[in-house]
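In: Need coordinates for the below:
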Amino acid sequence: MKTKFSVLLSIYYKEKPENFRECMESIYSQSVLPDEVVLVEDGKLTEELYEVINKYENMESLVRFVTVPLSENRGLGLALAEGIHHCNNELVARMDTDDICAPDRFERQLNAFANNPKLDIVGGYISEFAEDKEHIISERTVPLGNYSIKQYQRKRDAFNHMTVMYKKSAVLEAGNYKDCPLMEDSLLWADMIRNHCHMANIGETLVYARTGNDMLERRGGYAYFLKYRSGRKRILKTGTISKSDYFVTVMAQFVVCMMPLSMRRLVFNKILRK
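Out: Sure thing, here's the model as predicted:
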């Protein structure tokens, strides 16, 4: 069964073809199918990735597949900002090209919108795995209600970006995605809060997300900290967080970024995850 909503993804050359293929299969095997998938090609890709893309371009009878090629790599924020303009439906589901949807993810989110038409965005939990999604390492839970989401967002992201489904109009009215490396989603949530959007999460796993040492290594070091601090400064300017929120989170992030990988893994698994 197909329903009128879009799935928005962005891919770049470092993606592994096997992970991308597994992601796409999880979309095409949903209990409720989208009628459109929009894939932003963020710069030139590998031949192996183009082969996977070609497979789904040839399955137009099942789901409309739209590619948006960018001549050079712009980064996730600007790639999604372009991609959302190519989505022909009001409801848009985000997905990362190396993750896996739960089989009824879209059905659950569509039901949430049907039950509460005032909603502008609905996300959910993620279950994290390294190699096999049957072996879950951790779960990232998030607050469920509108008020608790907006309070939680002052310190940490209240949405798992790869799980959200939102109204295209709400995202565009809030200013769309912006170029904010590592924090393009955080800045969008702040802009949507400032624009009085109605928010919710579903208290169940909607996406199985790949994690492991590579992810933890990327979230360490001084360069990562500088990008985080820059993003938090921009969020501070939205007026959705206080100076106290800013300083507390930046100081905490500095400590996490500078600690050894083994300690960072412990913090993520024992404190920041369930």
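
In: Provide a list of residue ranges in the protein with pLDDT below threshold.
Out: 1-2, 212-217, 268-274 (pLDDT under 70).

In: could you pull out the helices for it?
Out: In the chain, the helices defined using DSSP state H lie at 17-28, 47-57, 76-83, 105-115, 146-152, 168-173, 184-194, 213-218, 222-238, 243-258, 261-270.

In: now for the first one, which elements pack on it?
Out: Packed against helix 17-28, as judged by 3 or more Cβ pairs under 8 Å, 6 or more residues apart in numbering; DSSP states H and E, are the following elements: strand 2-11, helix 47-57, strand 100-101. For the C-beta atoms, the positions are set from N, CA and C on the backbone; glycine is no exception.

In: what sits against the closest residue to residue 167 other than its chain neighbours?
Out: Closest residue in space to residue 167, ignoring its immediate chain neighbours: residue 120 at 5.1 Å, by Cβ to Cβ, 6 or more residues apart in numbering. Residues in contact with residue 120 (Cβ atoms under 8 Å, 6 or more residues apart in numbering) are 166, 167, 170, 192, 197, 198, 199.

In: let's see it at 6 Å
Out: 167, 170, 197, 198 (Cβ atoms under 6 Å, 6 or more residues apart in numbering).

In: Number of residues surrounding the third one?
Out: So the one you mean is residue 197. 22 (other Cβ atoms under 10 Å).

In: How about it: what's its closest non-neighbour residue?
Out: residue 120 (4.0 Å).

In: Repeat that for the second one.
Out: In this structure, residue 170 finds its nearest non-sequential neighbour in residue 120, 3.8 Å apart by Cβ to Cβ, 6+ apart.

In: Backbone dihedrals for the one you found, both of them.
Out: Main-chain dihedrals, residue 120, degrees, to the nearest 10: phi -110, psi -20.

In: For residue 209, give its distance to residue 238.
Out: To residue 238, residue 209 is 27 Å away according to Cβ to Cβ, to the nearest Å.
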